[in-house]
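J.: Structural data only, the sequence is not supplied:
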């Protein structure tokens, strides 16, 4: 259908698309309801990989993936729980975050830390996988072709703890001023940090990542979970995360405030990760 | 376009514009004015209804997406189970609790809140205050009568436990 009518706008939960329709911003000549496609509503975990259908709602992620009790999936569950309100989580989907490609999409920093592939499907060429970093090309711009639908996202689940946190004016129904995901990969001995709402798209803080991974090595912490990091290392890590942000001034917050928020979120997330992995014996 | 859905237990049909929301279909097509139209962007929760058992903002559901599905609106709740008399004889226990707690000021947000509270108490008969606040975080009261609303939820939960402990 999308191949036949490439201009058709796919709609799933409608939490972005219907706002645009209701406000006369969008007048599509056709819409495709993808909300009941069984392939998109499914998720699967096998051989250490998760494939999450584009139509799985945030409420289902909280219930179903949260039910797995895997510390490595906690950041996705936390991000999903922080989306909108119960009404929005009952409708909104990860496919919608990918389709809208707003830098403030809460699931996107998490998928960036997982180094997820976006699965795109077209009638003519079948499925293709694109790393998230190549899929997101700018503010609300993606590398998807007009005849493609978003089938879902796929990633190897790292072994290790992590978290998602964000800053906004209230707990619910907020477009984040800054969002941060941090994950540890105990097998590869990597730390990953991704930022939302502070750049044209999701940003990885690679300088901060390598600093933290190296500091954990030097402290012997990859082998001994109880070993911590000195305060000045955490501060330097937070500084580098803030340095990776490319924020703008807008109605929700100034660039300086956003950068400061990244610094605060980064230090908290690293401390949480250190304490989580020492309390549950090195993560997963 | 003609949309057919099961609304409050009955199959109903409405002829709507292709871009219509479920909310517009309920109000303008089916004359169900209980669900309110305010923000049209999912912020306020005044249009909350159940779609296949999940509470959603009906302004964000394309009417065509409701084709063949089960919709339940606030109107379905007024079944008299709240034990009132006179003009209040049709009330649902949650509606009754809102009246008794004085949780209604201008009343515009009330139907959406009644739906959200009923949904919460059906899932969790004894929610903590934090759980209540989270469950109602998608419903705005611009009279800011939140304390009385929280009182009403506590009252409805308490009465419910008395009836079926």
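T.: Great, that's in hand. As the structure is a computational prediction, the values presented were derived from the model and not from experiment.

J.: now the closest residue to residue B:110 other than its chain neighbours: how far from residue B:114?
T.: Among residues not flanking residue B:110 along the chain, residue B:104 sits closest, at 5.3 Å (C-beta to C-beta, 6 or more residues apart in numbering or on different chains). In short, each C-beta sits where N, CA and C put it, glycine included. According to C-beta to C-beta, to the nearest Å, residue B:104 and residue B:114 sit 10 Å apart.

J.: So those two - more neighbours on which side?
T.: Taking other C-beta atoms under 10 Å in any protein chain shown, residue B:104 and residue B:114 do not tie; residue B:114 has more neighbours (26 against 20).

J.: what does chain B have sitting close to chain A?
T.: Counting by C-beta under 8 Å from any C-beta of the partner chain, chain B comes close to chain A at B:18-19, B:21, B:40-43, B:45, B:48, B:54-57, B:59-62, B:64-65, B:116, B:134-135, B:137-139.

J.: What subset of the residues you listed is buried?
T.: Buried subset of these (neighbour count, 16 or more other C-beta atoms under 10 Å in any protein chain shown): B:19, B:21, B:40-43, B:45, B:48, B:54-57, B:59-62, B:64-65, B:116, B:134-135, B:137-139.

J.: Mind checking which of those residues land in helices?
T.: If you go by DSSP state H, these have B:116, B:134, B:135 in helices.

J.: Check what pLDDT the first one gets.
T.: This points to residue B:116. Note for residue B:116: predicted pLDDT of 98.

J.: do the same with the second one
T.: You'll see residue B:134 listed with a pLDDT of 96.

J.: could you check the distance from it over to residue A:155?
T.: Per C-beta to C-beta, residue B:134 is found 28 Å from residue A:155.

J.: OK, contacts around residue 32?
T.: Unless you meant another one, I'm taking chain A. Applying C-beta atoms under 8 Å, 6 or more residues apart in numbering or on different chains, we find residue A:32 in contact with A:1, A:2, A:5, A:8, A:9, A:10, A:11, A:149.

J.: was after chain B, sorry
T.: Neighbouring residues of residue B:32 by C-beta under 8 Å, 6+ apart: B:7, B:8, B:26, B:73, B:75.

J.: Looking at the residues you listed, state which has the most neighbours.
T.: Counting neighbours by other C-beta under 10 Å, residue B:26 leads these with 29 neighbours.

J.: returning to what we had before: give me the subset of the contacts of residue B:32 that lies in strands.
T.: With DSSP state E as the criterion, strands contain residue B:7 from among the contacts of residue B:32.

J.: Can you get me a residue count around the residue of the stretch 151-284 of chain A at minimum distance from chain B?
T.: Using C-beta to the nearest C-beta, the closest approach of the stretch 151-284 of chain A to chain B is made by residue A:172 at 3.3 Å. Residues lying near residue A:172 (other C-beta under 10 Å) number 19.

J.: quick one: the strands in chain B?
T.: Secondary structure of chain B (DSSP E): strands at B:2-7, B:10-15, B:48-51, B:54-57, B:70-72.

J.: Kindly compare burial across the ones you listed and name the winner.
T.: strand B:54-57 (a mean of 27; mean count of other C-beta atoms under 10 Å in any protein chain shown).

J.: chain center to that strand: distance?
T.: Relative to the chain's own centre, strand B:54-57 is displaced by 9 Å; criterion: C-alpha atoms, centre = their mean, to the nearest Å.

J.: Equivalent analysis for stretch B:53-67, please.
T.: Between the centre of stretch B:53-67 and the centre of its chain there are 13 Å (C-alpha atoms, centre = their mean).

J.: Need the residue closest to the centroid of chain B.
T.: With the centre of chain B defined as its mean C-alpha position, the nearest residue by C-alpha atoms, centre = their mean is residue B:115, 2.5 Å away.

J.: which residue ranges form the helices in the stretch 101-250 of chain A?
T.: Remark: helices assigned in the stretch 101-250 of chain A by DSSP state H, counting those that start in this stretch are A:107-113, A:132-135, A:206-218, A:231-244.

J.: Skipping its backbone neighbours, what lies nearest residue 140 in space?
T.: As the question left the chain open, I've gone with chain A. residue A:101 (5.0 Å).

J.: should've been chain B
T.: Of all residues not flanking residue B:140 in the chain, residue B:44 sits nearest, at 4.5 Å (C-beta to C-beta, 6+ apart).

J.: How about residue B:145?
T.: Computed as C-beta to C-beta, 6+ apart, the closest residue to residue B:145 that is not its neighbour in sequence is residue B:105, at 4.8 Å.

J.: I'd say that neighbour and residue B:147 touch.
T.: No. Counting by C-beta atoms under 8 Å, residue B:105 stays clear of residue B:147, with 11.5 Å between them.

J.: These two - which one has more neighbours?
T.: Neighbours were counted for residue B:105 and for residue B:147 using other C-beta under 10 Å; residue B:105 has more, 15 against 11.

J.: distance of the more buried one from residue B:98?
T.: Distance, residue B:105 to residue B:98, by C-beta to C-beta: 11 Å.

J.: who's in contact with the closest residue to residue A:203 other than its chain neighbours?
T.: Closest residue in space to residue A:203, ignoring its immediate chain neighbours: residue A:195 at 4.7 Å, by C-beta to C-beta, 6+ apart. Residues counted as contacts of residue A:195 (C-beta under 8 Å, 6+ apart) are A:109, A:178, A:179, A:180, A:202, A:203, A:204, A:205, A:241, A:244, A:245, A:262.

J.: so which of these is the most crowded?
T.: In terms of neighbours by other C-beta under 10 Å, these top out with residue A:109 at 33 neighbours.

J.: Run through the residues that contact it.
T.: A:79, A:164, A:179, A:180, A:181, A:194, A:195, A:196, A:202 are the contacts of residue A:109 under C-beta under 8 Å, 6+ apart.

J.: Residue B:108 against residue B:38, yeah?
T.: Yes. Using C-beta under 8 Å, residue B:108 makes contact with residue B:38 at a distance of 7.0 Å.

J.: How about the residue in chain A positioned nearest to chain B: what's its closest non-neighbour residue?
T.: Residue nearest to chain B within chain A: residue A:85 (2.5 Å; C-beta to the nearest C-beta). Leaving aside its chain neighbours, residue A:85 sits nearest to residue B:138 (2.5 Å; criterion: C-beta to C-beta, 6+ apart).

J.: Thanks a lot, see you next time.
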